[in-house]
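Asker: Pasting a predicted model and its sequence here:
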Amino acid sequence: MDLDNLKKKWENTKEIYNESAKMIIGFKKWKTQSWISADSWKAIEKRMQLKVEIDSVKSEKLKVRKRKQYQQTDKQVKRSLRYVKRE
């Protein structure tokens with residue numbers, strides 16, 4: 001068996017495995033809580049985006065600045081979710 005044939009067999013096996021898993025199990029879906037508003041979801045997405053930006057920044061000064069933004073956004077998200085849940 002040469003290397004190309006082996007790679008083709010592996011790709012074929014992997015594709016069959018993934019296809020059957022999609023059909024049987026499906027994708028994991030987020031359960032949207034009915035009490036969370038659309039504005040809260042936007043704030044959560046913003047918080048997630050800030051987390052990604054923190055990980056991608058190389059400068060330490062920018063990381064500190066982004067962490068402060070993340071902390072403030074995190075507090076706002078948690079505060080708004082607590083408020084919405086109580087209603």
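Answerer: On my side now, so go ahead.
Asker: Spell out, range by range, the helices that occur in this protein.
Answerer: 3-24, 38-56, 60-86 (DSSP state H).
Asker: can you pull the buried residues of the shortest one?
Answerer: Translated: helix 38-56. Residues of helix 38-56 classed as buried: Ser40, Ala43, Ile44, Arg47, Leu50, Ile54 (neighbour count, 16 or more other C-beta atoms under 10 Å). The C-beta positions use only the backbone N, C-alpha and C, and glycine is treated the same way.
Asker: Can you give me every residue that contacts the fourth one?
Answerer: When you say that, I think you mean Arg47. Arg47 sits next to Tyr70, Thr73, Asp74, Val77 when contact means C-beta atoms under 8 Å, 6 or more residues apart in numbering.
Asker: give me that answer again for 10 Å
Answerer: Residues near Arg47 by C-beta atoms under 10 Å, 6 or more residues apart in numbering: Gln69, Tyr70, Gln72, Thr73, Asp74, Gln76, Val77, Lys78.
Asker: Which single one of those is nearest to Gly26?
Answerer: Val77 (28.9 Å; C-beta to C-beta).
Asker: What sits closest to the closest one if chain neighbours are left out?
Answerer: Nearest residue to Val77 in three dimensions, chain neighbours excluded: Ala43, at 4.7 Å (C-beta to C-beta, 6 or more residues apart in numbering).
Asker: Distance of the residue nearest to the spatial centre of the chain relative to Lys75?
Answerer: By C-alpha atoms, centre = their mean, the chain has its centre lying nearest to Met48, at 7.1 Å. Separation of Met48 from Lys75 (C-beta to C-beta, to the nearest Å): 15 Å.
Asker: can you check Glu60 too?
Answerer: 23 Å.
Asker: again, but for Lys42
Answerer: Counting by C-beta to C-beta, the gap from Lys42 to Lys75 is 16 Å.
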